[in-house]
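>>> missing the sequence, but the structure's below:
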């Protein structure tokens, strides 16, 4: 009986280890990275200087879907987005910044029928954000907001960044949604 428990436990541990150990990176990344966070791979750009200032979304052809309630999905199409970074301080592979992010989404409830909700703003104002380097010109940002929003920022050029965000947001007085989007911004 003890042998069976031991082998069952060992098998369960092996399954957990294989389930939670990823490959450490994506085959489609442009830059080499060791996969460690924080990562000390040198940045091509001075991220602290590059981020400071105002940014506007470049590609507005972004659409996402999110669960709204048990039987409804919220289909969202980006109308506009702006970002502003202030007080950015980076030392080595760690940093901090203050972020303001304003997004506007055209929203349609999709269920048995489609219902237009209008343009819904999803904003973050002056949120302190920790930054950890996750590769050359790549920074993982955790916002100190109510939902611990996570964003990954990749500096593509001195005036071009790509932001991958995983957000939870309230879209009305009752419903919160969880969504992921990838947005490209150009410095103004």
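Alright, I've got the coordinates. Predicted model only: the values in this text are computed from it and were never measured.
>>> next, the nearest residue to residue 157 once chain neighbours are set aside: secondary structure please.
Distance criterion C-beta to C-beta, 6 or more residues apart in numbering; nearest residue to residue 157, sequence neighbours excluded, is residue 45 at 7.8 Å. In this view, the C-beta of every residue, glycine as well, is placed from N, C-alpha and C. Of the three states, residue 45 takes coil according to DSSP: H, G, I helix; E, B strand; the rest coil.
>>> who does the most centrally placed residue in the chain form a beta bridge with?
By C-alpha atoms, centre = their mean, the chain has its centre lying nearest to residue 165, at 2.0 Å. For residue 165, the beta-bridge assignment (DSSP bridges) gives partners residue 151, residue 181.
>>> what of residue 133?
residue 139.
>>> now do the helices in this structure.
Counting by DSSP state H, the chain has these helices, from start to end: 2-20, 47-51.
>>> what residues does residue 94 make contact with?
Going by C-beta atoms under 8 Å, 6 or more residues apart in numbering, residue 94 touches 38, 130, 131, 132, 133.
>>> what of residue 124?
Residue 124 touches 99, 100, 101, 102, 143, 145, 149, counting by C-beta under 8 Å, 6+ apart.
>>> neighbours around the second one, how many?
Translated: residue 100. With neighbours defined by other C-beta atoms under 10 Å, the count for residue 100 comes to 15.
>>> pretty sure residue 53 contacts residue 88?
No: the criterion here is C-beta atoms under 8 Å, and residue 53 misses it with residue 88 at 9.7 Å.
>>> pLDDT check: weakest of the contacts of residue 94?
Minimum pLDDT for the contacts of residue 94 is recorded at residue 38 (83).
>>> end to end, how far does stretch 38-46 reach?
Stretch 38-46 has an end-to-end distance of 17 Å (C-alpha to C-alpha, to the nearest Å).
>>> stretch 82-102 too?
5 Å.
>>> and if you look at stretch 68-77?
End-to-end distance for stretch 68-77: 15 Å, by C-alpha to C-alpha.
>>> check which residues of that stretch are buried.
68, 73, 74, 75, 76 (16 or more other C-beta atoms under 10 Å).
>>> ok, and the closest non-adjacent residue to residue 54?
Nearest residue to residue 54, sequence neighbours excluded (C-beta to C-beta, 6+ apart): residue 188, at 4.4 Å.
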